[in-house]
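>>> Structure, please.
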Amino acid sequence: MTPTLRTRRLLLVPLDTRQLAARAASDDFCLQVHAAGRVHFGPEHPGELTGLYPLWLAATPHPGAVLGTWTVVHRADAEAVGSVGIKGPPCDGIVEIGYGVVPSHRGQGLAAEAVDAVCRVLFRGGLGRVETIQAETRVDNLPSQAVLRRCGFTMTGERSDPTDGQLLIWSLEPQDQRLDPQSDRDAGQ
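The predicted model follows:
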């Protein structure tokens, strides 16, 4: 089960079939979300993940949650501002994450706060044995690279993708994670 996570400014709620179905019906809506109250999902959310929503809806047993995927809710205004999650189950102790924050809320450190919270859960065994967390960024995506560096990731390789071009591979091990003491106290509450 995907846990609800709380950080200093965010609530990470499991992405569920109600959110998927509501997005399919409208690009601007509000939902009562467990632990977060009434949350506004504006047209910016979920950004690049919009195309995955119909696939997840078809593959997720109703009323289940998409395993290892969270909607990032800004606690101050109950606004869905992003998504973060794993790209598949851990394999040989390695799992890859992806994340994004809507343009109107970028540049505030929210992505790093969300990524940090999810990494802590993954290293604690919340979704299976994880020894290394990986992420990929485009070579020109400097803000995303800054998020990963802030969380303690180091660049460990490169690969070429036919769609995205040259990608940088980033890795994080538990001893390298940089924790915000405040968000660490709040994690999982």
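
>>> Need the residue closest to the centroid of this protein.
In the chain, the C-alpha nearest the mean C-alpha coordinate belongs to V84, at 0.8 Å (C-alpha atoms, centre = their mean).

>>> I'd like the distance between that residue and T7.
Distance, V84 to T7, by C-beta to C-beta, to the nearest Å: 11 Å. C-beta: built from backbone N, CA, C; applies to glycine.

>>> list residues touching both of the two?
A114 (C-beta atoms under 8 Å, 6 or more residues apart in numbering).

>>> Can you name the helix or strand that R120 falls in?
helix 110-123 (DSSP states H and E).

>>> typo on my end, H45
Going by DSSP H and E, H45 is not in any helix or strand.

>>> Distance-wise, check the closest residue to it other than its chain neighbours relative to L172.
Distance criterion C-beta to C-beta, 6 or more residues apart in numbering; nearest residue to H45, sequence neighbours excluded, is A80 at 4.5 Å. Plainly put, A80 is 25 Å away from L172 if you go by C-beta to C-beta.

>>> now G68
G68 is 16 Å from L172, by C-beta to C-beta.

>>> Going along the chain, name the helices of this structure.
17-25, 53-59, 110-123, 142-150, 181-186 (DSSP state H).

>>> packing partners for the third one?
What that stands for is helix 110-123. If contacts are counted by 3 or more C-beta pairs under 8 Å, 6 or more residues apart in numbering; DSSP states H and E, helix 110-123 sits against strand 5-6, strand 10-16, strand 65-74, strand 79-86, strand 94-101, strand 132-138, helix 142-150, helix 181-186.

>>> one more time with 6 Å, if that's ok
strand 10-16, strand 94-101, helix 142-150 (3 or more C-beta pairs under 6 Å, 6 or more residues apart in numbering; DSSP states H and E).

>>> tell me the most buried of those?
Looking across the helices and strands packed on helix 110-123 with neighbours counted as mean count of other C-beta atoms under 10 Å, the highest average goes to strand 10-16: a mean of 24.

>>> Kindly calculate the angle that that one makes with helix 110-123.
60 degrees (axes from the mean of the first three to the mean of the last three C-alpha atoms, to 10 degrees).

>>> Kindly export strand 10-16 (C-alpha atoms) in PDB.
Output of strand 10-16 as PDB, limited to C-alpha atoms (Å, rounded to 0.1, in the frame of the first residue of the first chain):
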ATOM      1  CA  LEU A  10       3.400  19.300   1.300                       C
ATOM      2  CA  LEU A  11       1.000  16.400   1.600                       C
ATOM      3  CA  LEU A  12       1.800  13.500  -0.700                       C
ATOM      4  CA  VAL A  13      -1.400  11.500  -1.200                       C
ATOM      5  CA  PRO A  14      -1.600   8.200  -3.100                       C
ATOM      6  CA  LEU A  15      -2.800   8.700  -6.700                       C
ATOM      7  CA  ASP A  16      -6.100   6.800  -6.900                       C
END
